[in-house]
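# for reference, the sequence and a predicted model appear below.
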Amino acid sequence: MTDEMVRDPTLMSCPLPLDDYPTVVLAHGGGGTFSRMLTEQVFLPAFGGEELAELHDGAVIEVEGGRLAVSTDTFVIHPLFFPGGDIASLAVHGTVNDLAMCGARPLSLAVGWILEEGFPMADLWRLAVSMGQAARAADVRIITGDTKVVDRGKGDGVFINTTGIGFVPEGVDISPRRAHPGDAVLVSGPIGTHGIAIMSVREGLEFETALETDSAALWAPVQSLLTSLGHELHVLRDPTRGGVASALNEIAASAGVGVLLDETAIPVEQEVKAACEILGLDPLYVANEGKLVAVVPEHRADQALAALQSNPLCRRAARIGTVVSDHPGRVFMRSRVGGIRIVEMLSGEQLPRIC
Amino acid sequence: MKYVDEFRNEADARRLLDAIGRRITRPWSIMEICGGQTHTFVRFGIDRMLPEQVTLVHGPGCPVCVTPLELIDRALEIARRREVIFTSFGDMLRVPGTRGDLLSAKAAGADVRIVYSPLDAVQLAQKHPDRQVVFFAVGFETTAPANAAAVFEAHRRGLENFSILVAHVLVPPAMEAILGSEHNQVQAFLAAGHVCAVMGYHEYEPLAERYQVPIVVTGFEPTDLLRGTLMAVEMLEEGRWGVENQYARAVSRAGNRSAQELVARMFSVVDRKWRGIGGIPASGLGLRPEFVAYDAERRFDVSAVAAEESPECIAGLILQGLKKPHECSAFGVACTPEHPLGAPMVSSEGACAAYYNYRRGEAVSEATAHGGGS
């Protein structure tokens, strides 16, 4: 890219292989390689900037008297109401958690609503109440907002954007680049629960399950980790779309390290396992909310695990793998029967199989 | 989880691996028929734990992979019509036709929906009497009963706006085509347990006799596959042939009679083209003459749509077990899950996707060398 192009991005041609994807496909929002392609090949070159290039859940900026984290997330989930939650509480948790992944205590949220003409007012009220409750529970204030209404048929009921700012305490240095060989990889609880809970009520796939989303604000467990480890908390990640597999691949790529997982150590609820077996999905790629992945030094692993487990949200936190110097940029897993295989980033969307 | 955890047990896997190691005295090539079995082998890293003398040849049992290109193009042509709701199992959506796949047709405005059962498509037809609902009836003997049930049900309810695009194929003729080929390297088969759960395994007995080949009906979990491999190795080492059943918890010799009757009532055996392999006589199913009204190819008059394969793609050789995915020059370079040239790179059951997802590149051997738990 020439300097001239940086000054005037319209000089660049779109770097995505347009022959293959002349239009946006759903996978571009799936959190896997397609999403990454969009970010790296369209938005990064067009915007520039080192904060964005970090490709973290949020960005940290220096201001007078300290550091602030900023993050934004947009919610287009369907159905709007699902077991254990709804789009509005999710919109609070999602952004609060992206801030927490920067080690930031969430302070304030800005909320943008895009409503479809004809959306029932009673449902909007339910969502507003739920959002208020979620914000109070997460100890974050909603301080500004915006509402737009689009023509009937041009939206899917409700879309929500939330943008948050948080305060980064002194000494916190969390970045995907800080994963070092020898570090332990932890997960804060059973994976894939949220994704399967949503799928269980999606049209055409309803299956009976007692599963509820585990969507929750994660600042409390992050605070426990920071209190216990301080500067030694290397990496945090919110394994939402694309699941734990994609989050770990991003960490491995950013830090230029490898990750070796132990399949038997990865906590997965029985019902999630069963649903994944039936649908031909891999829990490692199923979306999470209210879960975090942490990378910490080996000698602090037990302490970090205890800090997580002291929080009611993270009782089943577990150590699932190790950062290694072999195969940089790649994630491998020792399978339940002892074989080794690669764990790729999610490609496209996870599609249920034929038989 | 019952019926899963007990078959993913490391101690049992080790015992079976040791037994195979003790029993084997020379190299053998064994083909696992089903793509689901290929994935278990690779996903759990079992293929690399087996003794070197065992060469696994990955079979053609991936319904997505063997569905001919022109049928995908016909599906696209039908899906693009305004009046059509095109329904399919999820993994057909990314299989590239000559111009695009069903997902990009969806992005361009076609009403393409994933269903989890063909009966859901029948439901849709009932719910939308003003639309034409088409289901992409892909698969082996495993999915045939449910697809037959869908047509049966649409017929019973008098739904005239439901039809299926049939791409059904059968396992035994494909095995026969492999065994009859002058290039054949396969010395024993792990037959697809789920196909046999429906069809039983009596139809494999004449094949085993004619070609003097061991066929072991095998399940899909790691220790199923190891036990199936052990049984095949024992038969090979002892010079025996015939059909043995590793998967007795799901498969009987006669199979599921009511499922077979339903299939026979709606479908008859027809010649079919297999992607990458070509035409095989009497190797598929088509709707019986009395049910052709439910045949989407006729209803939408797309039989003339023809297509040519990408010259770079060696899917045919892969599906016949003559080449391994990484031996293809396009593998991982011109052909990836994001930009698949051929179907085996798309489907969750395709051999190329299995190799790409679970063991791409040399890094695997490094990881193995430095392996161990965490």
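Yep, that arrived.
# correct me, but residue B:350 touches residue B:42?
No: applying Cβ atoms under 8 Å as the test, residue B:350 and residue B:42 come out as separate, 11.1 Å apart. Using the backbone N, CA and C atoms, a C-beta is placed for each residue, glycine as well.
# compare the two (neighbour count), which wins?
residue B:350 (31 against 26; other Cβ atoms under 10 Å in any protein chain shown).
# show the pLDDT at the closest residue to residue B:27 other than its chain neighbours.
Distances taken as Cβ to Cβ, 6 or more residues apart in numbering or on different chains place residue B:53 nearest to residue B:27, at 4.5 Å, with adjacent residues excluded. pLDDT for residue B:53: 97.
# how near is residue B:53 to chain A?
If you measure residue B:53 against chain A using Cβ to the nearest Cβ, to the nearest Å, the figure is 18 Å.
# contact partners for that residue?
B:24, B:25, B:26, B:27, B:28 (Cβ atoms under 8 Å, 6 or more residues apart in numbering or on different chains).
# burial of residue A:52, as a residue count?
Neighbour tally, residue A:52, other Cβ under 10 Å: 13.
# excluding chain neighbours, what is closest to it?
residue A:44 (6.1 Å).
# repeat for residue A:141
residue A:108 is the one closest to residue A:141 (Cβ to Cβ, 6+ apart), at 5.1 Å.
# quick revisit: got the CA positions of the strand or helix carrying the residue nearest to residue A:52 in PDB?
Using DSSP states H and E, residue A:44 maps to helix A:44-47. Output of helix A:44-47 as PDB, limited to C-alpha atoms (Å, rounded to 0.1, in the frame of the first residue of the first chain):
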ATOM      1  CA  LEU A  44      -7.900  -2.300   8.500                       C
ATOM      2  CA  PRO A  45      -6.500  -1.000   5.200                       C
ATOM      3  CA  ALA A  46      -9.300   1.500   4.900                       C
ATOM      4  CA  PHE A  47      -9.100   2.900   8.500                       C
END
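# so residue B:154: helix, strand or coil?
helix (DSSP: H, G, I helix; E, B strand; the rest coil).
# ok, now which ones touch it?
Taking Cβ under 8 Å, 6+ apart as the definition, contacts of residue B:154 comprise B:122, B:125, B:162, B:294.
# so who does the first one touch?
So the one you mean is residue B:122. B:133, B:150, B:153, B:154, B:157, B:159, B:162.
# mind checking which of the residues you listed are in strands?
B:133, B:162 (DSSP state E).
# for the stretch 251-355 of chain A, which residue gets nearest to chain B?
Nearest residue of the stretch 251-355 of chain A to chain B, counting by Cβ to the nearest Cβ: residue A:339, 1.9 Å away.
# test my guess that that residue contacts residue B:48.
Yes: using Cβ under 8 Å, residue A:339 is in contact with residue B:48, at 6.1 Å.
# helix, strand or coil for the residue nearest to the spatial centre of chain A?
Residue closest to the average C-alpha location in chain A (Cα atoms, centre = their mean): residue A:240, at 3.2 Å. Following three-state DSSP, we place residue A:240 in the coil state.
# which residue is the nearest non-sequential neighbour of it?
In space, residue A:240 is closest to residue A:287, 5.5 Å off (Cβ to Cβ, 6+ apart).
# again with residue A:346
In space, residue A:346 is closest to residue A:32, 3.0 Å off (Cβ to Cβ, 6+ apart).
# close enough to count as contact, the one you found and residue A:250?
No: with contact defined as Cβ under 8 Å, residue A:32 does not reach residue A:250; the gap is 10.2 Å.
# quick one: which of the two has more around it?
residue A:32 (26 against 21).
# what pLDDT does the model give the more buried one?
At residue A:32, pLDDT is 79.
# likewise for the one 5 residues further on?
In the predicted model, residue A:37 carries a pLDDT score of 82.
# what's the neighbour count on it?
By other Cβ under 10 Å, neighbour count at residue A:37 equals 17.
# so for stretch A:320-331, what's the average pLDDT?
Mean predicted lDDT for stretch A:320-331 stands at 96.
# tell me the gap between it and the middle of its chain.
20 Å (Cα atoms, centre = their mean, to the nearest Å).
# and the contacts of it?
Contacts of stretch A:320-331 (Cβ under 8 Å, 6+ apart): A:179-187, A:244-245, A:248-249, A:252-253, A:255-262, A:265-266, A:295, A:298, A:333, A:342-344, B:363, B:366-367, B:370, B:374.
# and the residues you listed, which are buried?
A:179, A:183-187, A:244-245, A:248-249, A:252-253, A:255, A:257-262, A:266, A:295, A:333, A:342-344, B:363, B:366-367, B:374 (16 or more other Cβ atoms under 10 Å in any protein chain shown).
# by proximity to chain A, which residue of chain B wins?
residue B:45 (1.9 Å).
# which residues of the stretch 1-150 of chain B fall in helices?
Here the stretch 1-150 of chain B has its helices, by DSSP state H, counting those that start in this stretch, at B:10-23, B:35-43, B:63-66, B:69-79, B:102-107, B:118-127, B:144-157.
# lowest average pLDDT across the ones you listed?
helix B:63-66 (a mean of 84).
# ok, residues contacting that helix?
Outside helix B:63-66, the residues touching it (Cβ under 8 Å, 6+ apart) are A:354-355, B:35, B:60, B:91-92, B:95, B:138-140, B:143, B:167, B:169, B:174, B:274-277, B:315, B:319, B:342-344, B:346-347, B:349-351.
# and stretch B:172-190, average pLDDT?
Stretch B:172-190 comes out at a mean pLDDT of 93.
# and the gap between the residue nearest to residue A:52 and residue A:53?
6 Å (Cβ to Cβ, to the nearest Å).
# between these two, which one's more packed in?
With other Cβ under 10 Å as the criterion, residue A:44 and residue A:53 differ in neighbour count, and residue A:44 comes out ahead with 15 against 12.
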